[in-house]
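K.L.:
just to be clear, the model below is a prediction. Sequence and coordinates:
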Amino acid sequence: MTIKEAIEKTDRLRPNSFSREEKTDWLTDFENRIYNEIYSLHKCDTPFTDTTEMTDATELFVPSPYDELYVLCLCSMVDFFNAEYDRYNNDTAMLEALYGDFERYWNNNHECAHNTVISG
């Protein structure tokens, strides 16, 4: 999914007045979360998103079927800043569930980057 696709889908689902730049910033922050919490902990040949050069054409890191994370992230931010807290809570519950699914998928399919020594 590209940034443009994520923003356009979000705008269809949650019409809003937030700028494209604000939404790109939210996606950049989310992409950095994914890098820090998941990607950086594993050995991987798959290149990660260059978050310093995000444009509409930037292909976001998380693949299908987990890429709906980006739309849920944007919807949750729109709902939060519009004080739609019931929607926000639903969005974040779905986001965290799918994020957990992606994290488990990634952990099961990529070798840990750190050697773990268990002494006993």
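P.N.:
Structure received.
K.L.:
and stretch 73-86, average pLDDT?
P.N.:
Stretch 73-86 shows an average pLDDT of 98 in the prediction.
K.L.:
now residue 26: how far from residue 113?
P.N.:
With distances taken as CB to CB, to the nearest Å, residue 26 is found 27 Å from residue 113. Bear in mind the C-beta positions are built from the backbone N, C-alpha and C, glycine included.
K.L.:
likewise for residue 31?
P.N.:
Applying CB to CB, the value for residue 31 to residue 113 is 19 Å.
K.L.:
circling back: more neighbours: residue 26 and residue 113, which one.
P.N.:
Set residue 26 next to residue 113 and count neighbours by other CB atoms under 10 Å: residue 26 wins out with 21 against 11.
K.L.:
then that one would be within a helix, right?
P.N.:
Yes. Judged by DSSP: H, G, I helix; E, B strand; the rest coil, residue 26 forms part of a helix.
K.L.:
show me the contacts for it.
P.N.:
Residue 26 makes contact with 73-74, 77, according to CB atoms under 8 Å, 6 or more residues apart in numbering.
K.L.:
straight-line length of stretch 79-88, end to end?
P.N.:
End-to-end distance for stretch 79-88, by CA to CA, to the nearest Å: 5 Å.
K.L.:
actually stretch 39-53, sorry about that
P.N.:
One end of stretch 39-53 sits 19 Å from the other (CA to CA).
K.L.:
can you tell me which of the contacts of residue 26 are in helices?
P.N.:
Residues of the contacts of residue 26 located in helices (DSSP state H): 73-74, 77.
K.L.:
which one of the residues you listed sits closest to residue 41?
P.N.:
residue 73 (20.2 Å; CB to CB).
K.L.:
confidence score at residue 113?
P.N.:
70.
K.L.:
contact partners for it?
P.N.:
By CB under 8 Å, 6+ apart, the contact list for residue 113 reads 40-43.
K.L.:
show the backbone phi and psi for it.
P.N.:
phi -80, psi -20 (degrees, to the nearest 10).
K.L.:
from residue 52, how far off is residue 16?
P.N.:
According to CB to CB, residue 16 and residue 52 sit 26 Å apart.
K.L.:
whoops, I mixed them up, residue 12
P.N.:
28 Å.
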